[in-house]
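Peer 1: got a predicted model here, sequence first, then my questions.
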Amino acid sequence: MTSRPAAAGQPRHISLRGVFPRGWLTPMTWLPHDFVHPVHVAVPGGGGHRLRPISGADAPLDYPAVMGSRERLWSVFGPAWGWPSATMSYEANLADLERHAAEIEAHESFNYTIENADRTALRGCVYIDPPEKQGADVEISWWVVDDEVGGPLERALDVFVPRWIAGDWPFERPRFIFQHQLGR
């Protein structure tokens, strides 16, 4: 359930960390300096599912979730992000998750896993990223594993995520990127 995925060995998106002298341009430019991101978020109507920031510790549950839905995920994310490749290894997935955790810590981007009620399975992901196109101050997308497509969890996320962004995040012009728009 990695966000802004890329083909093996390729960066998913450009990070400005380390490019400019410290203090000249920081990752915090798209968020208020004192913003604290939500950590555990219940999905109303989602059957006990919740969102939480992803980490490397999620790899044992994340890898089978991603690879179990790989063909559909590739049809959605592959053209734009090159993810998930048919040859993505567990180790590459783990490295992605560890990088996402570092991006979350730096407030560069946010990858929230969707975990089931008993916390034994990852069912999808929500991405909150700096905008790539003008006209928005954030880009948000999400997906669920194949057996949740069209079901109660996906429908709950479609209602909840825009409300959550409006209520708990400091954005004024969010762009919600849905599956049919990801091939941009």
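Peer 2: Looks like it arrived, so ask away.
Peer 1: how many residues are close by Arg99?
Peer 2: Arg99 has 19 neighbouring residues, counting by other CB atoms under 10 Å. Placement of C-beta: from N, CA and C, glycine included.
Peer 1: give me the pLDDT value at Val76.
Peer 2: If you check Val76, the pLDDT there is 86.
Peer 1: pairing partners for the helix or strand Arg52 falls within, with directions?
Peer 2: Using DSSP states H and E, Arg52 sits within strand 50-53. Its sheet considered, strand 50-53 pairs with strand 41-42 (antiparallel), strand 110-115 (antiparallel) by DSSP bridges.
Peer 1: contact partners for Arg155?
Peer 2: Going by CB atoms under 8 Å, 6 or more residues apart in numbering, Arg155 touches Gly45.
Peer 1: in the one helix or strand it maps to, what counts as buried?
Peer 2: In this structure, Arg155 sits in helix 152-168 according to DSSP H and E. For helix 152-168, the neighbour count (16 or more other CB atoms under 10 Å) marks Leu153, Glu154, Ala156, Leu157, Phe160, Val161, Trp164, Ile165 as buried.
Peer 1: adding distance to Ile140, write these out as a markdown table.
Peer 2: Output for those, formatted as a markdown table (distance: CB to CB, whole Å):
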| residue | distance to Ile140 |
| --- | --- |
| Leu153 | 17 |
| Glu154 | 15 |
| Ala156 | 16 |
| Leu157 | 11 |
| Phe160 | 12 |
| Val161 | 6 |
| Trp164 | 9 |
| Ile165 | 6 |
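Peer 1: check which helix or strand covers the most centrally placed residue in the chain.
Peer 2: Centroid-nearest residue in the chain, with CA atoms, centre = their mean: Tyr127, separated by 2.6 Å. Assigning secondary structure by DSSP H and E places Tyr127 in strand 122-129.
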